[in-house]
Structure formats: C-alpha cells, structure tokens
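A.B. asks: sequence unknown, structure follows:
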C-alpha cells in the first residue's frame with residue numbers, strides 16, 4: 001500500500017493515533033454505492049479498491065472503506081482486526097445477518113477501540129469497546145451495551161435520551177473473504193438498501209451533504225436544505241460540483 005498517497009487523499013500528515021486519520025477519512029472520502037447502479041461489480045480486492053478510492057478519488061461502502069482503513073492502520077504499525085457487525089433494522093426491529101457490515105477494532109495503548117469510517121452517519125472518533133460508558137462524540141452520545149451472548153451493541157442516544165441501536169458485533173477477527181457473500185448480496189438483492197437508489201454522502205465539520213436520485217440534502221448547523229433532483233443530468237451535475245466525481 002502506498003501510505004503517502006492514502007494520507008494525501010485524506011489530508012493527513014501521519015498516523016500517530018487512529019482518531020485523527022479516521023476523522024480526516026470521514027471528511028474527505030464519501031460513503032457511496034454508485035458502482036452498484038452503474039453495473040460495476042465491487043469485489044473484495046484491496047488493490048482495485050485502493051485504485052478506486054485513493055487514485056480515482058471515489059468513495060465506497062463498508063467492505064471498501066473500512067478494509068482500506070484497516071490496511072492503513074496495520075501499515076502504520078497498529079494492531080488491528082476486521083470484525084463482522086449486524087446492522088439494526090428499525091422497521092423490522094431486529095439485527096441483520098452476519099457479515100452485514102465490516103468494521104475495525106484497533107489496539108491503542110492497551111485499549112481496544114471500534115474504528116468505523118464506512119457506516120455513513122456515525123462517530124467521528126473511535127469508540128472504546130467498554131460496556132455502559134457514555135462516549136460523547138461530535139456526532140452524538142454513544143453507548144455500548146452487552147448482548148445476550150456477550151456481543152457488543154453500539155447505541156446512539158436520540159434527542160429524547162433514548163438509546164437507538166446502530167449494530168451488534170462479536171469482538172473476534174474475521175477473514176476478508178468471509179464478507180464476499182454479503183458484499184454480493186448488497187449489490188444484487190432487492191432487499192438490500194444499496195440497490196434501491198443511488199447514494200453518496202459525506203459529513204462536514206458542521207453537518208452533512210447527501211445526494212440521492214431525487215434529492216440533495218444539505219445539513220448545516222442544525223438547518224436542513226433540500227433541493228429536488230429531477231433527472232440524471234441534474235444528479236451528474238451535483239455529483240461533479242459537490243464531490244468532484246464525473247461519470248464517464
């Protein structure tokens with residue numbers, strides 16, 4: 001891996017601790033599913049993903065973004081592992097299947113942290129894998145609770161102070177190839193949220209910019225501005241203007 005090219009992409013000079021590059025990663029590399037809608041298969045191939053995200057300045061989803069971040073951490077001398085998480089479905093009131101989401105656990109000064117740069121709206125800083133501790137973050141208050149079998153349930157507090165689940169995971173290492181089935185599912189199944197419409201989204205220091213097939217949403221300092229997208233050319237224009245991505 002060309003670490004310098006990666007660091008240049010996220011505007012970061014070095015990786016002394018995971019928190020700062022994680023923040024820079026989130027602010028510079030968008031979460032997106034465009035290849036799924038352009039008929040370009042996403043394979044678990046780190047070299048191709050590196051070319052896409054670092055050299056072609058694209059974004060990706062968890063199997064791409066978090067895997068690259070894992071490789072950056074390891075190349076920078078950290079002990080880190082990929083884990084499998086099951087995303088909470090609020091409509092069904094249950095967690096998804098194993099390998100639904102790929103995330104990273106990194107060891108820093110004897111403490112393990114959950115580092116996730118591939119989940120869309122999530123914590124800006126890595127979260128300690130401790131039960132019951134409220135961890136205040138720029139993106140909200142997070143709490144990790146124990147599951148029935150000793151899993152880790154990652155919750156965020158809503159405006160009323162209620163804990164809303166994000167996902168659940170077991171703190172055990174997984175091989176990259178184990179995610180291939182769910183990676184394929186999320187590209188092909190009508191049940192996957194990623195096949196329903198195009199999406200690209202990136203947080204800002206004070207909000208978030210999200211572009212979909214039919215709407216551009218700009219959140220800034222608590223205000224929300226929604227702009228309709230009426231056709232493909234309108235989408236492509238905003239994609240170039242806001243994300244610097246031109247569809248060939």
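C.D. replies: Noted; the coordinates are in hand. Nothing here was measured: the structure is a model prediction, and the numbers come from that model.
A.B. asks: Show the end-to-end separation of stretch 5-22, please.
C.D. replies: 16 Å (C-alpha to C-alpha, to the nearest Å).
A.B. asks: now what about that stretch, what contacts it?
C.D. replies: Applying C-beta atoms under 8 Å, 6 or more residues apart in numbering, the contact partners of stretch 5-22 are 3, 24-25, 27-29, 50, 53-55, 57, 68-69, 72-73, 76, 78, 106, 108, 113, 115, 117, 124-126. To be clear about C-beta, it is placed using only N, CA and C from the backbone, and glycine gets the same treatment.
A.B. asks: Which positions in it come out as buried?
C.D. replies: 6, 7, 9, 10, 12, 15, 17, 18, 21, 22 (16 or more other C-beta atoms under 10 Å).
A.B. asks: among the contacts of stretch 5-22, which are in helices?
C.D. replies: 3, 24, 25, 27, 28, 50, 68, 69, 72, 73 (DSSP state H).
A.B. asks: Redo those as TSV? Include pLDDT, neighbour count and distance to residue 211.
C.D. replies: Formatted as TSV, the ones in helices among the contacts of stretch 5-22 follow (pLDDT from 0 to 100; neighbours: other C-beta atoms under 10 Å; distance: C-beta to C-beta, whole Å):
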residue	pLDDT	neighbour count	distance to residue 211
3	90	13	30
24	89	18	21
25	92	24	19
27	93	15	16
28	94	14	16
50	97	21	24
68	96	24	22
69	95	27	23
72	93	26	26
73	93	22	29
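A.B. asks: Export the residues you listed as JSON lines, with columns for distance to residue 42.
C.D. replies: Conversion of those to JSON lines gives the following (distance: C-beta to C-beta, whole Å):
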{"residue": "3", "distance to residue 42": "23"}
{"residue": "24", "distance to residue 42": "23"}
{"residue": "25", "distance to residue 42": "18"}
{"residue": "27", "distance to residue 42": "23"}
{"residue": "28", "distance to residue 42": "20"}
{"residue": "50", "distance to residue 42": "13"}
{"residue": "68", "distance to residue 42": "13"}
{"residue": "69", "distance to residue 42": "16"}
{"residue": "72", "distance to residue 42": "19"}
{"residue": "73", "distance to residue 42": "22"}
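A.B. asks: tell me which of those residues is nearest to residue 179?
C.D. replies: In terms of C-beta to C-beta, no member of the ones in helices among the contacts of stretch 5-22 lies closer to residue 179 than residue 68, at 13.6 Å.
A.B. asks: So what sits opposite residue 135 in the bridge?
C.D. replies: residue 142 (DSSP bridges).
A.B. asks: OK, contacts around it?
C.D. replies: 123, 127, 128, 141, 142, 143, 144.
A.B. asks: what about the first one, how many neighbours?
C.D. replies: Residue 123 is surrounded by 25 other residues when neighbours are defined as other C-beta atoms under 10 Å.
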